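1. The sequence isn't on hand, but the structure is:
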């Protein structure tokens, strides 16, 4: 993909309805799971998308939660349309989401939340590691989805 083609993609916050079709197509279909996750409609949950000519080609959600007792964003439901994988869409989408999340004052007393975590599918671990995430658990199984590991990343001034 040329840089121009990637530049033609808009990376931005999204409404849940804008990302559900891609989430279902790439992550949910065939698993017997619902395409809406618990917490998707919470006021502190954020959704992000990569849009090419109005079509969602990448998505992720970030739910305010905790990691080891501290406030953290749980990244979940990250997907890129099959014909856009390996072209930098996922990396740029994740970077855009991180840049926006670090500015949110969603923590206790309006503080910034400086930690991200996720349950990463085993085949996606290398992708996350290239984006600065690190594995912090052994493998575990999510029924009907497959093997995962937990990963974390500090954002802003945080290191983990």
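-> Sure, I can see it. The model shown is predicted, which means the values in this text are computed figures rather than measured ones.
2. going forward, measure contacts between C-alpha atoms and count neighbours the same way
-> OK.
3. Which parts of this protein are helices?
-> 3-7, 16-23, 89-101, 125-130 (DSSP state H).
4. will you turn those into a markdown table that also has distance to residue 79 and mean pLDDT?
-> Shown next, in a markdown table, are the helices of the chain (distance: least, CA to CA, whole Å; pLDDT from 0 to 100):
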| stretch | distance to residue 79 | mean pLDDT |
| --- | --- | --- |
| helix 3-7 | 16 | 69 |
| helix 16-23 | 6 | 97 |
| helix 89-101 | 8 | 96 |
| helix 125-130 | 12 | 97 |
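5. Which among the ones you listed is found nearest to residue 157?
-> helix 89-101 (12.0 Å; CA to CA).
6. ok so, going back, looking at the helices of the chain, which is nearest to residue 68?
-> helix 89-101 (19.1 Å).
7. If we go by neighbour counts, what in that closest one is buried?
-> Buried residues in helix 89-101, counted by 16 or more other CA atoms under 10 Å: 89, 90, 92, 93, 94, 96, 97, 98, 101.
8. what sits against the last one?
-> When contacts are counted by CA atoms under 8 Å, 6 or more residues apart in numbering, residue 101 is found next to residue 113.
9. still on that earlier bit, can the helices of the chain go into a markdown table with extra columns for distance to residue 55?
-> Below are those laid out as a markdown table (distance: least, CA to CA, whole Å):
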| stretch | distance to residue 55 |
| --- | --- |
| helix 3-7 | 14 |
| helix 16-23 | 9 |
| helix 89-101 | 13 |
| helix 125-130 | 23 |
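10. quick one: the strands in this protein?
-> Applying DSSP state E to the chain gives strands spanning 10-14, 46-52, 55-67, 70-80, 115-121, 134-135, 140-142, 146-154.
11. So in that sheet, which strands flank the first one, and in what orientation?
-> Take DSSP bridges as the rule and strand 10-14 pairs in its sheet with strand 46-52 (antiparallel).
12. The fourth one too?
-> As defined by DSSP bridges, the strand partners of strand 70-80 come to strand 55-67 (antiparallel), strand 115-121 (parallel).
13. Could you tell me the average pLDDT over it, please?
-> Per-region confidence: strand 70-80 scores 96 on mean pLDDT.
14. buried set for it?
-> Neighbour-count burial for strand 70-80 [16+ other CA under 10 Å]: 71, 72, 73, 74, 75, 76, 77, 78, 79, 80.
15. Many thanks, have a good one.
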